[in-house]
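Visitor: The following block contains a protein sequence and its predicted model.
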Amino acid sequence: MPARMNTSDIRLHARGLSKTFVLHTQGGVHIPVFDGIELKVASGECVCLHGPSGAGKSTLLRSLYANYKPDAGEIRVRHDGTMIDLLMVEPWEVVEIRRRTIGYVSQFLRVIPRVPTLDIVAEPAIVNGVASGEAHAAARTLLSRLRIPERLWSLAPATFSGGEQQRVNIARGFIVDYPVLLLDEPTASLDAANRQTVIELINEAKARGTAIFGIFHDEEVREAVADRLFEVGKQPLRKTRLSATAAEAAARCQPLLLRPVTTSITRRQRNTR
Amino acid sequence: MTALRKLAPRQALLEVSGVSKSYGGQVGCVDVSFAIYPGEVLGVVGESGSGKSTLLACLSGRLAPDAGAIVYDMNDRGPVDILSLSEPERRRLARTDWGIVHQNPRDGLRMDVSAGGNIGERPMAIGARHYGNLRTEAQDWLEKVEIDLARTDDKPRTFSGGMQQRLQIARNLVTKPRLVFMDEPTGGLDVSVQARLLDLLRGLVRELGIAAIIVTHDLAVVRLLADRLMVMQRGRVIEQGLTDQVLDDPHHPYTQLLASSVLQV
């Protein structure tokens, strides 16, 4: 084990994680995505999930949020001072862990129609017990920093541009100081100035001790925030059609697709401000 | 190896085990078991005829199941099998601790009593008598569900479908029930009213910490409202779990069919 990190600082720890999709409505196709994932993210560290498109990066990220259900393995998360396996707990416990411990910024905003932007951003803070006034003030600060014009705050984001919706999503993800933060291409459709703001937000979160695991396609962002890379998808993804018997197909099926290669490509000096 | 710990155990608000109900040879629901915790919202989805409404009727004490137990954590007595309660006890429970929002608001409202009277009925049933207080409370709730106060004394007959549904919700939530059963609460409403109602329901459920069981065939509704989802087919629960997990990574063939059949707008 290459881990030389202080184990008490580990906030997210995936062990032996495997995932295969079985598409029953499409002839029972088996799509193995990853196998035997080993991953540790420590407090104050940002790990970049790196690999080609279609390699299963989002699937892994969603699995770590318990949005997808891995077939085997453990996802240990430090919640209230103890490590808890996300795959073993009751649904209400996952809801509770997501509310307080794991934040997730997805690529697309999904919200109740007709709810004003300001309320959408303030909501995660309010459900964490922050007073409404204070939560709305924090939401205003984040929306200003992310350059969402004030005249849009009272509107529902359905009609916003892709970049604006993404920034609303980012504001929503950063309004709570989650101990663990998962980011799925947070800067995909942002201009340079807003990319810079997101870099600042990420670095501020790191300085507060947040453990961050994310997909950053943009090299500039990756360079600015990532401490190391977690590589997936060296081999192309294979699809195995279950034709004759399941056993026959299983025998033919490649046992694993992506071997995670944990490397430290961007071993950079962190210049903490 | 670090020891893994489970979170502190909680007392379930409602614990259902092995509930079955058939109508002659016709299957209603078969061997349904689950637990719901305080403040949790559970969605129940499935095509029509899958046993959703039968299950809801059994849970809310309106229909006697053939087998199984339904244990409810009563405020004053702790966990009690509701099937062992007497009829008056069960009615009292339904009036104070529970709310039932019917698909058709006409089934849940008194159409010949004013809107204010509809809201005041439950508080009066548990002892409120002061007219001024009752009226103030009714108007608070009309405001919450966004019905013009000028309509306080109008009968729900004169309301639109969406207003009737909002009034039904106010009538049920006024006594701050701990558990609300909802049967297709947004069915039959046009989409603009649906969105408003969803936001309202979500806000109220959060604010009051109410647990709710919502039966619907609309996956978008459960995605927005429910923490947890149960999928039913031919009377059986075929898949259950976190709502987003069941919808985004369904495992059962029928759930996959259901999730992939949603039209994108």
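Guide: Looks like it came in fine. Numbers count the residues shown, from 1 in each chain, chains lettered A, B, ... in the order given.

Visitor: List phi and psi for the closest residue to chain B within chain A.
Guide: Closest residue of chain A to chain B, Cβ to the nearest Cβ: A:His24 (3.5 Å). (C-beta placed from N, C-alpha, C; glycine too.) The phi/psi pair for A:His24 (degrees, to the nearest 10) reads phi -70, psi -30.

Visitor: Can you give me the neighbour number for it?
Guide: Look at A:His24: counted by other Cβ atoms under 10 Å in any protein chain shown, it has 16 neighbours.

Visitor: A:Leu23 too?
Guide: The burial count for A:Leu23: 15, using other Cβ under 10 Å.

Visitor: how about low-confidence regions in the stretch 51-200 of chain A?
Guide: Within the stretch 51-200 of chain A, no range satisfies pLDDT under 70.

Visitor: on that earlier part again, show the contacting residues for the residue of chain A closest to chain B.
Guide: Contact partners of A:His24, counting by Cβ atoms under 8 Å, 6 or more residues apart in numbering or on different chains, are B:His252, B:Pro253, B:Gln256, B:Leu257.

Visitor: who wins for neighbours among those residues?
Guide: B:Gln256 (19 neighbours).

Visitor: The helix or strand where it lies near chain A at all?
Guide: Using DSSP states H and E, B:Gln256 sits within helix B:253-260. Yes. Judged by Cβ under 8 Å from any Cβ of the partner chain, helix B:253-260 comes into contact with chain A at B:Pro253, B:Gln256, B:Leu257, B:Ser260.

Visitor: Quick check: buried residues in the lengthiest helix in chain B?
Guide: In chain B, assigned by DSSP state H, the helix with the most residues is helix B:191-208. Using 16 or more other Cβ atoms under 10 Å in any protein chain shown as the test for burial, helix B:191-208 gives B:Val193, B:Gln194, B:Ala195, B:Arg196, B:Leu197, B:Leu198, B:Asp199, B:Leu200, B:Leu201, B:Arg202, B:Leu204, B:Val205.

Visitor: same thing with stretch B:256-265?
Guide: Using 16+ other Cβ under 10 Å as the test for burial, stretch B:256-265 gives B:Gln256, B:Leu258, B:Ala259.

Visitor: again, but for stretch B:88-108
Guide: By neighbour count on 16+ other Cβ under 10 Å, the buried set for stretch B:88-108 is B:90, B:93-94, B:96-103, B:105, B:108.

Visitor: Going along the chain, name the strands of the stretch 151-265 of chain B.
Guide: Ranges of strands in the stretch 151-265 of chain B, per DSSP state E, counting those that start in this stretch, are B:179-183, B:211-215, B:228-233, B:236-242.

Visitor: And the helices in the stretch 101-250 of chain B?
Guide: B:105-108, B:115-125, B:131-144, B:161-173, B:191-208, B:219-225, B:243-248 (DSSP state H, counting those that start in this stretch).

Visitor: least reliable of those going by mean pLDDT?
Guide: Between those, the one with the least mean pLDDT is helix B:191-208; it has a mean of 78.

Visitor: Packing partners of it?
Guide: Counting contacts by 3 or more Cβ pairs under 8 Å, 6 or more residues apart in numbering or on different chains; DSSP states H and E, helix B:191-208 is packed against helix B:161-173, helix B:219-225.

Visitor: Please list the outside residues in contact with that helix.
Guide: Applying Cβ under 8 Å, 6+ apart, the contact partners of helix B:191-208 are A:112-115, A:127, B:39, B:41, B:144-146, B:161-162, B:165-166, B:169, B:173, B:176, B:180, B:185-186, B:189, B:210, B:212, B:221, B:224-225.

Visitor: gap between that helix and the chain center?
Guide: Relative to the centre of its chain, helix B:191-208 is centred 13 Å away, using Cα atoms, centre = their mean, to the nearest Å.

Visitor: relative to helix B:161-173, how tilted is it?
Guide: Helix B:191-208 and helix B:161-173 are oriented at 10 degrees to each other (axes from the mean of the first three to the mean of the last three Cα atoms, to 10 degrees).

Visitor: could I have helix B:191-208 exported to PDB, CA atoms only?
Guide: These are the backbone C-alpha positions of helix B:191-208, laid out as PDB (Å, rounded to 0.1, in the frame of the first residue of the first chain):
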ATOM      1  CA  VAL B 191     -48.400  20.900 -15.000                       C
ATOM      2  CA  SER B 192     -48.100  24.500 -13.900                       C
ATOM      3  CA  VAL B 193     -50.300  23.900 -10.800                       C
ATOM      4  CA  GLN B 194     -48.400  20.600 -10.200                       C
ATOM      5  CA  ALA B 195     -45.100  22.400 -10.000                       C
ATOM      6  CA  ARG B 196     -46.400  24.900  -7.500                       C
ATOM      7  CA  LEU B 197     -48.000  22.100  -5.400                       C
ATOM      8  CA  LEU B 198     -44.900  20.100  -5.400                       C
ATOM      9  CA  ASP B 199     -42.800  23.000  -4.100                       C
ATOM     10  CA  LEU B 200     -45.500  23.700  -1.500                       C
ATOM     11  CA  LEU B 201     -45.600  20.000  -0.300                       C
ATOM     12  CA  ARG B 202     -41.900  19.700  -0.100                       C
ATOM     13  CA  GLY B 203     -41.600  22.900   1.900                       C
ATOM     14  CA  LEU B 204     -44.400  21.900   4.300                       C
ATOM     15  CA  VAL B 205     -43.000  18.400   4.800                       C
ATOM     16  CA  ARG B 206     -39.600  19.800   5.600                       C
ATOM     17  CA  GLU B 207     -40.800  22.600   7.800                       C
ATOM     18  CA  LEU B 208     -43.100  20.400   9.900                       C
END
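
Visitor: quick revisit: kindly indicate which of the buried residues of stretch B:256-265 lies nearest chain A.
Guide: Closest to chain A, out of all of the buried residues of stretch B:256-265 and judged by Cβ to the nearest Cβ, is B:Gln256, at 5.1 Å.

Visitor: and residue 26, how many neighbours?
Guide: Unless you meant another one, I'm taking chain A. 11.

Visitor: switch to chain B, that's the one I care about
Guide: Residues lying near B:Gln26 (other Cβ under 10 Å) number 10.

Visitor: Those residues of the stretch 1-150 of chain A touching chain B, which are they?
Guide: So the stretch 1-150 of chain A meets chain B at A:7, A:21-25, A:62, A:66-69, A:76, A:79, A:82-85, A:88-89, A:91-96, A:110, A:112-115, A:127 (Cβ under 8 Å from any Cβ).

Visitor: Which members of the residues you listed are classed as buried?
Guide: Applying 16+ other Cβ under 10 Å to the residues of the stretch 1-150 of chain A next to chain B flags A:21, A:24, A:62, A:66-69, A:76, A:79, A:83-85, A:89, A:91-96, A:112-113, A:115 as buried.

Visitor: And the helices in the stretch 101-250 of chain A?
Guide: A:117-126, A:132-145, A:162-174, A:192-207, A:219-225, A:246-252.

Visitor: Let's have the ones you listed in TSV, adding distance to A:Glu38.
Guide: Output for the helices of the stretch 101-250 of chain A, formatted as TSV (distance: least, Cβ to Cβ, whole Å):
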stretch	distance to A:Glu38
helix A:117-126	30
helix A:132-145	34
helix A:162-174	26
helix A:192-207	22
helix A:219-225	21
helix A:246-252	24
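
Visitor: In TSV: the ones you listed, plus mean neighbour count.
Guide: Output for the helices of the stretch 101-250 of chain A, formatted as TSV (neighbours: other Cβ atoms under 10 Å in any protein chain shown):
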stretch	mean neighbour count
helix A:117-126	22
helix A:132-145	17
helix A:162-174	23
helix A:192-207	17
helix A:219-225	17
helix A:246-252	11
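
Visitor: rewinding a little: can I get the helices of the stretch 101-250 of chain B in TSV with distance to B:Val231?
Guide: Listed next are the helices of the stretch 101-250 of chain B as TSV, based on distance: least, Cβ to Cβ, whole Å:
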stretch	distance to B:Val231
helix B:105-108	26
helix B:115-125	33
helix B:131-144	32
helix B:161-173	25
helix B:191-208	20
helix B:219-225	10
helix B:243-248	7
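
Visitor: for those helices, which one sits closest to A:Ile120?
Guide: helix B:191-208 (10.6 Å; Cβ to Cβ).
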